[in-house]
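S.K.: I would like to see how this sequence folds:
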Amino acid sequence: MSVLVVDDDPFTRRLMGRTLGRLGCKVTTAENGEMAIDLILGVKGFAGVRRGTPGQDGVGAGEVELGPVPQEVRFAVVFLDNQMPVMSGVKAVERLRRLGRKDYVVGVTGNALPSGTFMHSLSFFAVAEN
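M.R.: A predicted model of the protein is given here:
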């Protein structure tokens with residue numbers, strides 16, 4: 001089973017990678033949400049695409065036309081940290097859902113959050129698109 005581990009902390013990535021590897025998983029790692037989106041889609045660029053109001057040329061202000069969003073499932077599970085530089089886990093899930101992706105994402109965080117805020121956010125995006 002191919003899995004993606006996304007965390008800005010190198011120790012956490014290494015620990016999770018080794019643990020999952022011992023369980024027979026093929027592990028790929030990334031250090032932020034933007035890198036994760038690039039790996040999930042297998043194409044660079046979709047993480048930073050901004051949606052704007054259509055201009056005269058039919059492309060939104062600040063929007064870059066990248067073609068259709070790849071739908072190939074590259075990872076059975078994506079383990080995603082919440083707080084990371086560049087793009088947080090929640091923002092990465094929001095972006096994937098807006099792109100029409102339904103990848104299986106497990107929220108992982110070393111921070112104690114009140115009432116499961118991160119997991120609630122991930123659940124919302126997973127359920128909202130089904």
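
S.K.: secondary structure of residue 4: a strand, I assume?
M.R.: Yes - assessed with DSSP: H, G, I helix; E, B strand; the rest coil, residue 4 lies in a strand.

S.K.: counting neighbours, what do you get for it?
M.R.: Here the number of neighbours of residue 4 (other CB atoms under 10 Å) works out to 21. C-beta here means a position set from N, CA and C on the backbone, and glycine is covered the same way.

S.K.: now do it against residue 81, distance only.
M.R.: Look at residue 4 and residue 81: by CB to CB, to the nearest Å, they are 11 Å apart.

S.K.: residues contacting the residue lying closest to residue 39 once chain neighbours are set aside?
M.R.: Closest residue to residue 39 apart from its sequence neighbours, by CB to CB, 6 or more residues apart in numbering: residue 30 at 5.6 Å. By CB atoms under 8 Å, 6 or more residues apart in numbering, the residues touching residue 30 are 4-6, 36, 38-39.

S.K.: for residue 30, list each beta-bridge partner.
M.R.: Per DSSP bridges, the residues bridged to residue 30 are residue 6.

S.K.: would you map the helices across this structure?
M.R.: Along the chain, counting by DSSP state H, helices occupy 10-22, 33-41, 89-98, 117-128.

S.K.: what packs against the third one?
M.R.: Spelled out, it's helix 89-98. helix 33-41, strand 77-81, strand 105-108, helix 117-128 (3 or more CB pairs under 8 Å, 6 or more residues apart in numbering; DSSP states H and E).

S.K.: do the shortest one as well
M.R.: Here helix 33-41 is seen to pack against strand 2-6, strand 26-30, strand 77-81, helix 89-98 when contacts are counted using 3+ CB pairs under 8 Å, 6+ apart.

S.K.: can you list the buried residues in it?
M.R.: For helix 33-41, the neighbour count (16 or more other CB atoms under 10 Å) marks 33-41 as buried.

S.K.: and if you look at the first one?
M.R.: For helix 10-22, the neighbour count (16+ other CB under 10 Å) marks 12-13, 16-17, 20 as buried.
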